[in-house]
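Asks: let's see this in three dimensions:
(one chain, ligands or ions: 2)
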Amino acid sequence: MGARENYEIARKSYENWGIDVEKAIEQLENVSISIHCWQGDDIEGFEVTKRELSGGIDVTGNYPGKAGTPEELRADLEKALSLIPGKHRVNLHAIYAETDGEAVERDQIEPGHFKNWVDWAKRLEIGLDFNPTLFAHEKASDGLTLAHPDKEIRDFWIRHCIQCRRIGEYFGKELGTPALTNIWIPDGYKDIPSDRLTPRKRLKESLDQIFAVNIDEKYNIDSVESKLFGIGSEAYVVGSHEFYLAYALTNDKVCLLDTGHFHPTEAVSNKISSILLFSDKLALHISRPVRWDSDHVVIFDDELREIALEIVRNDALTKVRIGLDFFDASINRIAAWVIGTRNLLKALLYALLMPNKYLKKLQEKGNFTDRLALMEEFKTYPFGAIWDYYCEKNHVPTGESWLDEVKIYEKEVLSKRN
Ligand SMILES: C[C@H](O)[C@H](O)[C@@H](O)C(=O)CO
Ligand SMILES: [Mn+2]
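Replies: Numbers count the residues shown, from 1 in each chain. Ligands and ions are numbered 1, 2, ... in the order given. Coordinates of the predicted model:
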């Protein structure tokens, strides 16, 4: 039986529950995932002055074929994008600037250093998102940046973040879709602090200065990303969840939740409805923490489906900017992007194909038996046939056949790199 016939049969099973499969497909086609460029080169970037990764994050593995130039990274991203259904965005970091061999300090970077990325995005008709890089730098060597006691260091990073917002604005203007410029900082302490408040006051003041520069939200949207702990900041992180949630809500900024930045038993899916009740915007970094913020490739697990369900059930597909954030150097890096992004899209399709309205009604009536029974039965509905049809409709390989293309690319391109 062909994919089309399988799809028709599957569609009927969903339609028996009043689910409009064509509409679900249409909704998914409008979702743009922000795909992080840093999976492609283990967060090395292209700065002329090469620096070690720091900031309490780490990439492990040494799978061959890593992108070493902007051209290679763009080619790898293009390969990955060709295997993922739909139109997506690419998320850049400041360290991916192209400065023509000249060492440019981070507080001096400019939109022009990202012209090649913008030209590339124009050709692909995709949007770009952005992040200042407040790690892997001598001015962040003690693990403090925007909350640093030294004003000179704080000012350096404030200037960097302002420049990054201008770069985001440039992306938005050139590409016709607002960039999300996300601030994440590593600031924290390894051991129990004697004063938690003062660094937080400094971070608040630094953010106020960064956002005092007026940039039209038509072009650039600002988000702030919290964290629970990092390597070397186990006891205290200045930009905690409570800090940034309060900051975002009181300053009309977007709160960004990274799924690896909470206690291991805490679920980000459970936070989405609460935030959306008080804000009309939210951003996510979907990752997979394994025992800690390990940034494993996203898999089709319970929490991913639950996050997708929360976005769909609450009609929030247009309110939530969904991004990915993982970096695994132990497997083919293009496969990592494809696996993670396809899984996220699968989870959204799964959520769109649930009888969400009916399930809500069951809960309101207190019929928890039917609620549980249906939620479980839908796990084995013929979802795979709808997914295959979706891939076919969007001209990308179905099932695992995309892997053959990655293998060919590995043989013809990656294996020839130094
Ligand atoms: C490289 C990213 O900006 C970084 O992963 C950040 O988003 C983060 O999640 C740090 O743990
Ligand atoms: Mn993140």
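Asks: residue 346 sits in which helix or strand?
Replies: Per DSSP states H and E, residue 346 falls inside helix 333-352.
Asks: quick one: that helix near ligand 1?
Replies: No - Helix 333-352 does not reach ligand 1 (CB under 6 Å from any ligand atom); its nearest approach is 13.5 Å. For the C-beta atoms, the positions are set from N, CA and C on the backbone; glycine is no exception.
Asks: please apply the same query to stretch 234-241.
Replies: No - legend: contact between stretch 234-241 and ligand 1 by CB under 6 Å from any ligand atom is lacking; minimum distance shown is 9.9 Å.
Asks: which stretches in this structure count as helices?
Replies: Secondary structure of the chain (DSSP state H): helices at 3-15, 21-29, 70-81, 115-124, 151-175, 197-212, 241-251, 269-278, 302-313, 333-352, 356-365, 368-377, 383-393, 402-412.
Asks: quick check: buried residues in the longest one?
Replies: Of the residues in helix 151-175, those with enough neighbours to count as buried (16 or more other CB atoms under 10 Å) are 153-154, 156-175.
Asks: picking that back up, looking at the helices of the chain, which is nearest to ligand 2?
Replies: Closest of those to ligand 2 is helix 241-251, at 12.1 Å (criterion: CB to the ion).
Asks: can that closest one be found next to ligand 2?
Replies: No - Helix 241-251 is not in contact with ligand 2 by CB under 5 Å from the ion; minimum separation 12.1 Å.
Asks: that helix vs helix 197-212, what angle?
Replies: 40 degrees (axes from the mean of the first three to the mean of the last three CA atoms, to 10 degrees).
Asks: circling back to that earlier point, out of the helices of the chain, which is closest to residue 55?
Replies: helix 151-175 (12.2 Å; CB to CB).
Asks: how close does residue 271 sit to residue 115?
Replies: Residue 271 is 38 Å from residue 115, where distance means CB to CB, to the nearest Å.
Asks: and stretch 10-24, how far from the chain's centre?
Replies: 30 Å (CA atoms, centre = their mean, to the nearest Å).
Asks: buried stuff in stretch 54-74?
Replies: Across stretch 54-74, burial judged by 16+ other CB under 10 Å covers 54-59, 63, 65-67, 70, 72-74.
Asks: for stretch 295-304, same thing?
Replies: By neighbour count on 16+ other CB under 10 Å, the buried set for stretch 295-304 is 295, 296, 297, 298, 303, 304.
Asks: what do you get for stretch 329-341?
Replies: By 16+ other CB under 10 Å, the buried positions in stretch 329-341 come out as 329, 332, 333, 334, 335, 336, 337, 338, 339, 340, 341.
Asks: leaving out sequence neighbours, find the closest residue to the closest residue to ligand 2 within the stretch 301-418 of the chain.
Replies: Closest contact between the stretch 301-418 of the chain and ligand 2, by CB to the ion, is at residue 325 (3.8 Å). Using CB to CB, 6 or more residues apart in numbering and skipping the chain neighbours, the partner closest in space to residue 325 is residue 285 (3.7 Å).
Asks: quick one: residues contacting the one you found.
Replies: Contacts of residue 285 were listed using CB atoms under 8 Å, 6 or more residues apart in numbering, and they are 225, 256, 257, 258, 259, 260, 261, 323, 324, 325.
Asks: neighbours around the residue lying closest to residue 53 once chain neighbours are set aside, how many?
Replies: In space, residue 53 comes closest to residue 136 once its chain neighbours are excluded; the distance is 5.2 Å by CB to CB, 6+ apart. Taking other CB atoms under 10 Å as the criterion, the count of residues near residue 136 is 22.
Asks: what's the answer for residue 316, then?
Replies: As a burial measure, residue 316 scores 18 neighbours (other CB under 10 Å).
Asks: show the pLDDT at it.
Replies: For residue 316, the model assigns a pLDDT of 98.
Asks: backbone phi and psi for it, please?
Replies: The phi and psi values for residue 316, taken as degrees, to the nearest 10, are phi -110, psi 20.
Asks: what does residue 287 give?
Replies: According to degrees, to the nearest 10, residue 287 has phi -140, psi -170.
Asks: hang on, it packs against residue 325?
Replies: Yes - assessed by CB atoms under 8 Å, residue 287 is found in contact with residue 325 at 4.7 Å.
Asks: the two: who's more crowded?
Replies: A count of neighbours by other CB under 10 Å puts residue 325 above the other of residue 287 and residue 325, at 28 against 23.
Asks: start to end distance for stretch 68-87?
Replies: Distance between the boundary residues of stretch 68-87 (CA to CA, to the nearest Å) amounts to 25 Å.
Asks: quick check: mean pLDDT of that stretch?
Replies: 98.
Asks: out of the helices of the chain, which one sits most buried?
Replies: Mean neighbours per residue, mean count of other CB atoms under 10 Å, is largest over the helices of the chain for helix 333-352, with a mean of 24.
Asks: so which elements touch that one?
Replies: Here helix 333-352 touches helix 21-29, helix 70-81, helix 302-313, strand 320-324, helix 383-393, helix 402-412, going by 3 or more CB pairs under 8 Å, 6 or more residues apart in numbering; DSSP states H and E.
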